[in-house]
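Fold the following.
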Amino acid sequence: MESGQQTALIEDADRALLVLDPLKRRLLQALREPGSAASLAKRLDLPRQQLGYHLRALEQAGLVRLVEERRRRGFVERVLVATAHDYVLDPAMLGVSHAVDAQDRHAAAHLVNAASAVVREVTRMRSAAEAEGRRLLTFTIEADLGFERPQDFEDFSAALARSIADLATRYAPGGDRRAYHLLVGAHPAVANTPAKPVN
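Numbers count the residues shown, from 1 in each chain. Here you go, the predicted structure:
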């Protein structure tokens, strides 16, 4: 039996501190497959007595759950599994400014706020879909671009906005249509990283 869901969103600081703790992070990674304190101690080369406190903390926080109890030589061995394969920290935990004018599409803060919302909302919806046995339908398009002059950047963003406005009109939400949110952003490429093919 593997961990229940692929991704879980961490929205509070107490649980974030747990998943960021180096030892607890190793335990969560190991518990993508069910394990007991004894099996984890052997796998991670750590004293079993050291793991009890950390496993209880993870279980109380809902980051691992009990899947089986085995009776062994006078004691009960508890088998745990992580509640998700990966954990994503909600960027809003550190405070996201909403003071940026939503119409200022060239403000870096606007892009950061929008990207933070994507992390938060898509992770929530993915978790909900997985709980219902569904796949969350999304798409991602990435491309590397080059602009010789600042005006080229302006021209490109204006042309892209016109194209998206046309498509948004054609595929406007409403009626029986399933609504989607489209986010398009661009930022300077990170230095010394190879260009990716368009996908």
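
all strands for the protein, in order.
Under the criterion DSSP state E, the chain carries strands at the ranges 5-10, 35-36, 64-72, 75-82, 84-89.

List the neighbouring strands of the fourth one plus their orientation.
By that I understand strand 75-82. Neighbouring strands of strand 75-82 in its sheet, by DSSP bridges, are strand 35-36 (antiparallel), strand 64-72 (antiparallel).

Other residues contacting that strand?
Outside of strand 75-82, the residues within contact range by Cβ atoms under 8 Å, 6 or more residues apart in numbering are 1-4, 28-29, 31-38, 55, 58-59, 63-71. In short, each C-beta sits where N, CA and C put it, glycine included.

picking that back up, between the strands of the chain, which one is nearest to Leu160?
For the strands of the chain, the distance to Leu160 is smallest for strand 84-89, at 28.2 Å, taking Cβ to Cβ.

could I have that closest one exported to PDB, CA atoms only?
Listed in PDB are the C-alpha atoms of strand 84-89, where the atom choice follows Å, rounded to 0.1, in the frame of the first residue of the first chain:
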ATOM      1  CA  ALA A  84       0.800  12.000   0.600                       C
ATOM      2  CA  HIS A  85       3.700  11.300  -1.800                       C
ATOM      3  CA  ASP A  86       4.800  15.000  -1.800                       C
ATOM      4  CA  TYR A  87       3.900  18.000   0.300                       C
ATOM      5  CA  VAL A  88       3.700  21.500  -1.100                       C
ATOM      6  CA  LEU A  89       4.000  24.600   1.100                       C
END
